[in-house]
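Enquirer: using only what follows, build the 3D model:
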Amino acid sequence: MAQVQPDTPGVDDPGPGRRLGVDVGTVRIGVAVSDRDARLATPVETVERVTGFKDRDGADIDRLVALTEDYDITEVVVGMPRDLQGNGSKSVKHAKEIAFRIRRRTGLPVRMADERLTTVVAANAMRSAGTNEKRGRKFIDQAAAVEILQSWLDGRANYLKDLKENES
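Expert: Residues are numbered from 1 along each chain as shown. Modelled structure (predicted):
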C-alpha cells in the first residue's frame, strides 16, 4: 500500500478543550479522553465494533458520538495505522471510515494521527504492570488510544510552544 501521511498536531488547532482519542480495530475501538487543558490522556472505554463499510451507523458510532457530547469534545484524534516505513495497512481504510462517520455526525475536527507501535507500547506497559494477556485484551485498545492521544497532545503542545516563540 502507498505511503499515507497523518495530520500534524497543532495545525488548524481548534483551541482549548478536551480531545477524544480513538484506536480503531476490526473487532474493538479503544477510546481515551484528555483533560480540559489538553495535556493528559486517560482511558475511557472499549467499544465493540459493529459498523461495517456499507452499513448504516451502528451502536459503535452512536457511542462514539455520545462520548463527544458527554465529554464536550473540541477535537477527535483517530489513530492511523502505518508500518515503520510509513505505508498504510489495510486497517487505514477502517480508521478513515470511522473518522469520516464521526466528522459527519458531530461536525467536529477529526484528525488522523500516526499510531505506529502504539499497540506494542501499550501491550508492553500492561505486561510490565502484571496484567495477563487474556484479561488485558479488554483494555489493550484503551491503552493504545491513550498512547495515540498522549502523543498527539505532546506534539500539539510542542507545536504551539514553537509557534509562540517564533511570534516573539
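Enquirer: make it CA atoms for all contacts and neighbour counts henceforth
Expert: Will do.
Enquirer: show me which helix runs longest in this structure.
Expert: helix 133-167 (DSSP state H).
Enquirer: counting contacts, what elements does that helix pack onto?
Expert: Judged by 3 or more CA pairs under 8 Å, 6 or more residues apart in numbering; DSSP states H and E, helix 133-167 is in contact with strand 18-24, strand 28-34, strand 41-48, strand 73-80, strand 110-114, helix 118-128.
Enquirer: quick one: the ones you listed as TSV, columns for distance to Val146 too.
Expert: Output for the helices and strands packed on helix 133-167, formatted as TSV (distance: least, CA to CA, whole Å):
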stretch	distance to Val146
strand 18-24	7
strand 28-34	5
strand 41-48	6
strand 73-80	10
strand 110-114	12
helix 118-128	9
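Enquirer: Throw those into a markdown table and include distance to Gln5, mean pLDDT and mean neighbour count, thanks.
Expert: Shown next, in a markdown table, are these (distance: least, CA to CA, whole Å; pLDDT from 0 to 100; neighbours: other CA atoms under 10 Å):
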| stretch | distance to Gln5 | mean pLDDT | mean neighbour count |
| --- | --- | --- | --- |
| strand 18-24 | 17 | 97 | 29 |
| strand 28-34 | 21 | 97 | 25 |
| strand 41-48 | 23 | 97 | 20 |
| strand 73-80 | 9 | 97 | 25 |
| strand 110-114 | 8 | 94 | 23 |
| helix 118-128 | 17 | 59 | 16 |
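Enquirer: how about the helix or strand containing His94: buried residues?
Expert: Assessed by DSSP states H and E, His94 sits inside helix 91-106. Under the neighbour-count criterion of 16 or more other CA atoms under 10 Å, helix 91-106 has Val92, His94, Ala95, Lys96, Glu97, Ile98, Ala99, Arg101, Ile102, Arg103, Thr106 buried.
Enquirer: just list the residues touching the spatially closest residue to the third one that is not a sequence neighbour, thanks.
Expert: Setting aside the residues directly before and after it, Ala95 is nearest to Val24 in space (CA to CA, 6 or more residues apart in numbering), at 5.6 Å. Residues in contact with Val24, defined by CA atoms under 8 Å, 6 or more residues apart in numbering, are Gly30, Val78, Gly79, His94, Ala95, Ile98.
Enquirer: that concludes my questions; thank you for your assistance.
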